[in-house]
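1. Just need the structure, nothing else, for what follows:
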Amino acid sequence: MDAKLQRRVQRYGWDKAVPDYEDGWKRSLWPAHQALMDSVGACAGARVLDLAAGTGLVTFPLADMVGTTGHVVATDISGSMTDILETEVQRRNIPNIDVSRMDAEDLSAFSDGSFDIVTSGLGLMYLPHPEVALKEAMRVLKSGGRAVFAVWGARKNCGWADIFPIVDERVKSAVCPLFFRLGTGDALKRMMEDVAFRNVKAKRVHTLMPYASDEHALKAAFSGGPVALAYDRFSDAVKTEVHAAYLASIEPFKRDTGYLIPGEFVVVAGDC
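-> Residues are numbered from 1 along each chain as shown. Okay, the predicted model is just below:
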């Protein structure tokens, strides 16, 4: 896919997803975010860049970790995401977070060696050229700095993955043609090593993602997730059709209390 088109899809797609994003995904993504922060390690006083920060699910815990002597800069390509994050920063009156709308592949606003830590919680797989973002992360890190990235794992280990073919059968969502690439095998680890990160270590996190009802699972998958832009174009009849197809795909994971859908994340850390 053309990189410019993919960026537009990501920007406007996540703008659409904002209202339902946290309710649909916050609890389910927490194991990945927790593993990311564990890999960051002690960082009191550090200056951190959080890429593809969304609504701040990683940003706010990082701000707590760096403390009042540290600072977090949160970026995202979606203006709606950065708007809601900025509003929440102001509501909580947190002085050590700055928010900017920015493409993770172009960090030219920051000079070389500006940060001690660079993170991204489940953002890299949406980028047209993640290797470019990794090179930029390496550039803006100080010598001895650390980068930690979380991505979705292998497709076969993610029970919600049929959402993509279900949507693409009706309209090309163009979300990301290689969504699971970075989580397959050692792909992200090798990519980080290729751009000269040192001591690169990867770990896999297996989880069960809870959804309380059909409606909750559908909201997360369609209006609150990466296919939100395509979903917004569907007629009511097509929405009913894709809802039925998706619920059939996750039927094996249905429980008395809702759904427990398998998920896998890969968290990779490396030093500059």
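2. mind listing the helices for this structure?
-> For the chain, the helices defined by DSSP state H cover 3-40, 59-66, 79-92, 130-140, 163-168, 187-194, 214-218, 228-232, 236-249.
3. can I get those helices in a markdown table with distance to Glu105, mean pLDDT and mean neighbour count?
-> For glycine as for every other residue, the C-beta is placed from the backbone atoms N, C-alpha and C. As requested, these are exported to a markdown table (distance: least, Cβ to Cβ, whole Å; pLDDT from 0 to 100; neighbours: other Cβ atoms under 10 Å):
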| stretch | distance to Glu105 | mean pLDDT | mean neighbour count |
| --- | --- | --- | --- |
| helix 3-40 | 8 | 93 | 19 |
| helix 59-66 | 19 | 97 | 20 |
| helix 79-92 | 16 | 97 | 17 |
| helix 130-140 | 4 | 98 | 20 |
| helix 163-168 | 22 | 91 | 19 |
| helix 187-194 | 14 | 98 | 18 |
| helix 214-218 | 32 | 97 | 18 |
| helix 228-232 | 20 | 91 | 21 |
| helix 236-249 | 31 | 97 | 14 |
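4. For Ile117, find the nearest of these.
-> helix 3-40 (6.0 Å; Cβ to Cβ).
5. which strands and helices sit next to that closest one?
-> helix 59-66, helix 79-92, strand 115-121, strand 141-152, strand 198-211, helix 228-232, strand 258-271 (3 or more Cβ pairs under 8 Å, 6 or more residues apart in numbering; DSSP states H and E).
6. So which elements touch the second one?
-> Using 3+ Cβ pairs under 8 Å, 6+ apart, the elements in contact with helix 79-92 are helix 3-40, helix 59-66, strand 71-76, strand 97-101.
7. so the second one versus strand 115-121, what angle?
-> What that stands for is helix 59-66. 150 degrees (axes from the mean of the first three to the mean of the last three Cα atoms, to 10 degrees).
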